[in-house]
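Q: need the 3D shape of this:
(one chain, ligands or ions: 1)
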Amino acid sequence: MKTERVWKMYWSATGTTKIVVSAIADRLAAELGLAVETYDFTLPAARRTAPEFAAGDVVVFGTPTYAGRVPNVLLKYLETVKGGGAAAIPVVTFGNRAFDDALIELRDILTDNGFRPFAGAAFVGEHSFSKTLAAGRPDVDDLLLAAQFAGQAAARLAGVDGQTPPVEVPGRAREARTYYQPRDRAGNPVDIRKVKPLTGEACDQCGICAAVCPMGSINPENVREYTGICIKCGACVKKCPQGAKYYDDAGYLYHKTELEEGYKRRAEVRLFF
Ligand SMILES: Cc1cc2nc3c(=O)[nH]c(=O)nc-3n(C[C@H](O)[C@H](O)[C@H](O)COP(=O)(O)O)c2cc1C
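A: Next up, the predicted model:
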């Protein structure tokens, strides 16, 4: 099928998914001699609508891995994104632990919605909870792989049609998928669902945290106040120019340290056709 439009579409609270998806889509477009259109659905306003895709489009579609899956707060919105026969490349990022069932779940969502996922990838991004775990990733080597992957994808696009089966990626069948559960030393589950960041003295009420919160949960008039759920995405903590947002919850800090200590090895990028 002839490709007419290249899209990048992503949710990216701390920016690593955006970098990876952009590297792939920009190179893919260059290979095909086309421009790139962008749909960033990180902020709540962008999740009120979705682009209309059609056969002839190729969409590089990215989300991070949260608890080994596609972030569950996105599932309702993702159901509304219709593929219209567009070719797709599901891409997940993960914070150096594992992507578990995230890529297969994203592939299945896209397939169910009328996309044709013919290739897929899992890249490493600095962990949302940490400044040391997978720090600096995606790095130069990762972005080189992204460019090579895009080149291979471009070469295969012409052969993608309604008969193309969904790309095979690792992960469990739908019925067997569970969420990753952090545990303490005694093996008891660490539940961080209710945890929210605190705001330190350095806060000058600039409002950036409220503007970047993907859940729209920070009151811009009083950024110490959380008016909705916190998904621990790290956007307010990492993007605060004053470094004023932080967590003090013991369970959260234990889990963060456990990840930093337990996953020091370099996790590798995985590419699938
Ligand atoms: C709530 C939550 C759960 C996460 N779960 C995982 C996980 O299961 N495995 C992993 O390796 N990284 C996990 N991460 C890390 C992110 O997948 C990773 O940092 C990703 O690059 C963030 O993407 P972004 O920069 O586009 O927001 C998690 C992050 C958050 C906030």
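Q: which residues does Tyr226 bridge with?
A: Judged by DSSP bridges, the bridge partners of Tyr226 are Ile218.
Q: correct me if wrong: it contacts Ala210.
A: No: counting by C-beta atoms under 8 Å, Tyr226 stays clear of Ala210, with 10.1 Å between them. To be clear about C-beta, it is placed using only N, CA and C from the backbone, and glycine gets the same treatment.
Q: could you pull up the residues touching Arg27?
A: Residues near Arg27 by C-beta atoms under 8 Å, 6 or more residues apart in numbering: Ala146, Ala147, Ala150, Gly151.
Q: Leu144 versus that one, what's the distance?
A: Relative to Leu144, Arg27 is positioned 10 Å away (C-beta to C-beta, to the nearest Å).
Q: buried sites along stretch 188-201?
A: For stretch 188-201, the neighbour count (16 or more other C-beta atoms under 10 Å) marks Val190, Ile192, Val195, Lys196, Pro197, Thr199 as buried.
Q: in the stretch 51-200 of the chain, what residue is nearest the ligand?
A: Of the residues in the stretch 51-200 of the chain, the one nearest the ligand is Gly125, at a distance of 2.4 Å by C-beta to the nearest ligand atom.
Q: once you drop chain neighbours, what's closest to that residue?
A: In this structure, Gly125 finds its nearest non-sequential neighbour in Thr16, 2.7 Å apart by C-beta to C-beta, 6 or more residues apart in numbering.
Q: enumerate every residue touching that neighbour.
A: Taking C-beta under 8 Å, 6+ apart as the test, what Thr16 contacts is Pro64, Thr93, Phe123, Gly125, Glu126, Arg137, Pro138.
Q: dump the residues you listed to JSON lines, plus neighbour count.
A: Output for the contacts of Thr16, formatted as JSON lines (neighbours: other C-beta atoms under 10 Å):
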{"residue": "Pro64", "neighbour count": "27"}
{"residue": "Thr93", "neighbour count": "32"}
{"residue": "Phe123", "neighbour count": "30"}
{"residue": "Gly125", "neighbour count": "25"}
{"residue": "Glu126", "neighbour count": "23"}
{"residue": "Arg137", "neighbour count": "23"}
{"residue": "Pro138", "neighbour count": "22"}
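Q: residues in contact with Phe41?
A: Here Phe41 is in contact with Met9, Tyr10, Trp11, Arg47, Ala50, Leu74, Tyr77 (C-beta under 8 Å, 6+ apart).
Q: please list the residues outside the helix or strand containing Val237 that contact it.
A: Assigned by DSSP states H and E, Val237 belongs to helix 235-239. For helix 235-239, the surrounding residues in contact (C-beta under 8 Å, 6+ apart) are 13-14, 128, 131, 197, 208-209, 212-214, 218, 245-247.
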